[in-house]
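return atomic coordinates for the entry below.
(2 chains)
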Amino acid sequence: MADLQEQLGKLCPEAQIDTTGEWPLLTIENTKWHDTAKLLKEQLHFDQLMALVGLDWGDKLGVMYYLTNTQSGDIIHIKVEAENRDKPYIYSISDLWAVANYQEREAYDFYGIIFVNHPDMRRFFLRNDWVGHPLRKDYDANPELNPIRLEDETNEDYTCRYVENEEGKIEKIEGKVFDDDEYVINFGPQHPSTHGVMRYRVSLDGEIVKKVDVVSGYIHRGIEKMCESLTYPQTLLYPERMDYMAAHINRHCLCLCIEKAMGIEVPHRAELIRLMMDELMRLSSHLLSYGCLTMDQGATTAFFYAFRDRELIYDIFDRTCGARMSMSYSTIGGVVADVHPDFIKDVRHACDVIEKNLKEYHQLFTGNVIARNRMIGVGLLSKEDAINYSITGPSGRASGCHCDVRKTHPYSLYDEFEFDEVVREEGDSMARYMVRMDEMVQCIKILRQACDKLEQEGEQGEYIAKVPKMIKLPAGHWYQQVEASRGAFGVYIESDGDSKPFQKPTRMHFQTPCFNLIGVVDLTCRDNMIADLITITASIDFVIPDIDR
Amino acid sequence: MFDFSTVANWLDELLKSVMPSWLAITTECILVAIFLLAAYSIIAMIYIMYERWVCGWIQCRRGPIRVGPAGSLQIFADVVKILSKEIITLWSTDKFLFFLAPFLVVLASVLTFACLPWGKGLQFIDFNIGVFFIIAVSSIGVLGILLAGWSSNSKYTLIGAMRSGAQMISYELSVGISILTIVCLAGTMSITGIVEAQSDGWFLFKGHLPAIIAFIIYIVAANAENNRGPFDLPEAEHELTAGYHTEYSGIHYGLFYLAEYLNLFVVSGIASLLFLGGWMPLHIPGWESFNTVMDYIPSTIWFLGKAFFMTFIFMWIRWSFPRVRIDQMLALEWRYLMPIGLVNLVVMAIVVTQGWHF
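Now for the predicted structure:
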């Protein structure tokens, strides 16, 4: 830590470095930001942009960047403020970290921060005729300004960018997404293979995909905006509704972040139960993604096999949490209730059945010559690209990145468990598929160990810590990430330390894995066929509500 | 074994005795047409249910169980539903071609359907180039599909139609070659002649290795010809939503659906005709008592049983395999199936001239 601080001081002498928090915080002026970012990436090897959080501090707008070094696991965060509220310019870093392309578009959408030199400064979630930027503190929420519009968006092909000219002035350059003579076809928002209301505009040359433009926001619910008007226990409901296939894991992450801010010690039993729920969730999620991937390639039967086995897991959730989806089980300080008396028995049974059936899955699909021909070598994602686009989770590990948060930054009780991080080098659709299949085996391994541990704890025990009735966070900001079923899920909370009884977060940001995954669709699908587009998006495996939030 | 031609001849004589010859033939034609269309729709309904039950069984589900005993009335509910649905036409379509397309597809399948030998003497059309006629009329279907995709004036249907054009024309060759292999063995193109030639053993067993290879090629190519999984690219639900018939609704969509299932029956019927002896019972030379017992089973049952068995194989394939990609599909046809089929045809010719077959 001291070493890193010294290096940082040497590299960027003009930055203010604050080391009181969990990770070093650099505050850099906007004009120096792009050069510093380049140095951080090239000299200190901070090669992955974990999160990009737009912020409004009332007087100023700005961005918080979380960077990580994939080799050493060091994390730093950098605060950059825009000088002017009316024309908030910040230099784009999308040329250094490709993932910043969409992240900056999101920040532009929510805060109106204009990223200079960004290639495509369009809104990401909201319609292009939306008035105002909703997450600004001075946003006018008058419904007359933004009524429910019944007509189509106009100027869909319009895009613009802001570049600095030789005199140092910032100019706007307008452009088009697709040329007039391109054969552009809509995939979605209603389409069987987009797994939700996602829309790609695909430029085709015969059967070959030339370019994919992602049009997102069809299921955007403004969760981050809503969280700003809710108390902390109320916000817990929302992460579950983002990636519903990682409901427990996302909620666990938010609980961990609030607990970290408040300094709450969670009982061992509660953490163990949470961990088991997380792994069950991951197992169910991977089963679903197996089902969807096979279904998208036309093997309908395999889909039903996966759904048959997921029932076992949902029954476990049903018995313990009282719900099958959006379980609302973790809470601040622990879990809401102890597990069902048959919980361990059920989990062991589910593990046995799924382990047995995994062989059947491989027989039905993995070895099939058509499946192999369609997946091997299709949608290659190199390790460099995976890091550059911050692809984590199974898709990242299929490209050879050791990015499992459970191993790199262990949280909860994962350091007590023995399991392998499944990593493959190929980076194609087959590797992504196989990583999930192998991870299911690891999930079962973790669950069996957890069952033993829970048995040792006895039938009942303390499942929730003593938590104050009024949840209040001190002033400050916190970031917590966990390994969700599709990659690293992060929660950013900023609190002003308000002393009123029902404290609300000033900013809550969810860094969802699928948001990053959608960024590589264009990269991986280019010059492949339409059928490959489906295979690739299915193997990357994203959940749309997790992108749109 | 009961010969249905006695019934036909009796009816013919009866009609001719009460009315002039031209009127008798017209009446017979009308009767045949009614019977044909009735059989067509009944078979289609049976097939839709058959597919749903088989598919449910393969996928660990129960299939339709709600309407009627064991879901047997489900199909009537479906038919009523599809008949009563509104036919939606888009303003940008070419109306004439758009409405014509489903009828062309149905026409092709009815014509091929009419050629099938249902039992001994039970056949609508029987002439000396029967097999050739089947190949010829079945190609009308691709025209309907192309028209459907083109006239809808939609990007999805156009891609579907292009795919189906490429696919059906390619695989037609393999189907033709494998049929030709059997024609070579039988020495006749007449459907009755082919069936009669199998009275002492089905061609699949009689024809040695080349017949088995032809059989496998036929199964693969017929699947593709029929646009069924793993070759359902023209529809490719997960890529093109519904391919060439995306814009169709109501009974027009129903006609495509009908033709699809009937074509399944037709290819199964042709497979049983060419390789499994058509309506001919299973005869094993030398086992006289066994052969006599087999002869007691009506010929229609034999034919339908074989057709249903072949259909089961087609369904099994469909519900097990993922879909191939367009380039892989074309490569399979032009690089493997067609060369193998051609070599196989030559081998069969040698086998036949040398008398190596059983």
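
use CA for all of it now, contacts and neighbours both
Noted.

domain parsing for chain A?
Per automatic domain parsing, the structural domains of chain A span A:2-177, A:223-548.

quick one, which of the ones you listed is nearest to chain B?
Closest of the domains of chain A to chain B is domain A:223-548, at 4.1 Å (criterion: CA to the nearest CA).

list the residues that contact residue 9.
I'll assume chain A. Residues near A:Gly9 by CA atoms under 8 Å, 6 or more residues apart in numbering or on different chains: A:15, A:17.

tell me which element it falls in.
Taking DSSP states H and E as the definition, A:Gly9 sits inside helix A:2-11.

can you pull out the helices in the stretch 301-450 of chain A?
Under the criterion DSSP state H, counting those that start in this stretch, helices of the stretch 301-450 of chain A are mapped to A:343-361, A:369-375, A:383-388, A:393-397, A:405-408, A:429-457.

so which of the domains of chain A gets nearest A:Gly188?
In terms of CA to CA, the element of the domains of chain A nearest to A:Gly188 is domain A:223-548, at 11.7 Å.

most packed of the helices of the stretch 301-450 of chain A?
helix A:393-397 (a mean of 30; mean count of other CA atoms under 10 Å in any protein chain shown).

check which helices and strands that helix sits against.
Using 3 or more CA pairs under 8 Å, 6 or more residues apart in numbering or on different chains; DSSP states H and E as the contact criterion, the elements in contact with helix A:393-397 are helix A:383-388, helix A:429-457, strand A:487-495.

can you tell me what sits against the shortest one?
Yep, that's helix A:383-388 we're talking about. Outside helix A:383-388, the residues that touch it by CA under 8 Å, 6+ apart are A:47-49, A:96-99, A:392, A:396, A:399-401, A:427.

distance between that helix and the chain's centre?
Averaged C-alpha coordinates place helix A:383-388 at 16 Å from its chain's average position (CA atoms, centre = their mean, to the nearest Å).

let me see the mean pLDDT of that helix.
What helix A:383-388 shows for mean pLDDT is 89.

please save the CA atoms from it in PDB.
These are the backbone C-alpha positions of helix A:383-388, laid out as PDB (Å, rounded to 0.1, in the frame of the first residue of the first chain):
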ATOM      1  CA  LYS A 383      -7.600 -11.600 -23.100                       C
ATOM      2  CA  GLU A 384      -6.600  -8.000 -23.800                       C
ATOM      3  CA  ASP A 385     -10.000  -7.100 -25.100                       C
ATOM      4  CA  ALA A 386     -11.700  -8.800 -22.200                       C
ATOM      5  CA  ILE A 387      -9.700  -6.700 -19.700                       C
ATOM      6  CA  ASN A 388     -10.100  -3.600 -21.800                       C
END
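
now the residue in the stretch 1-150 of chain B that chain A sits nearest to. Nearest residue, chain neighbours left out?
Closest approach between the stretch 1-150 of chain B and chain A, counting by CA to the nearest CA: B:Gln59, at 5.1 Å. Spatially, and ignoring its direct neighbours in sequence, B:Gln59 is nearest to A:Thr301 (5.1 Å; CA to CA, 6 or more residues apart in numbering or on different chains).

quick one: residues contacting the residue located most distally from the centre of chain A.
Distance from the centre of chain A peaks at A:Glu167, with 39.2 Å (CA atoms, centre = their mean). Going by CA under 8 Å, 6+ apart, A:Glu167 touches no other residue.

with B:Asn153 as the reference, measure out to the residue nearest to B:Gln59.
Here A:Thr301 is placed at a distance of 33 Å from B:Asn153 (CA to CA, to the nearest Å).

B:Leu255 now?
For B:Leu255, the distance to B:Asn153 equals 20 Å [CA to CA].

the two: which has the busier surroundings?
Shown here are B:Leu255 and B:Asn153; by other CA atoms under 10 Å in any protein chain shown, B:Leu255 has more neighbours (20 against 17).
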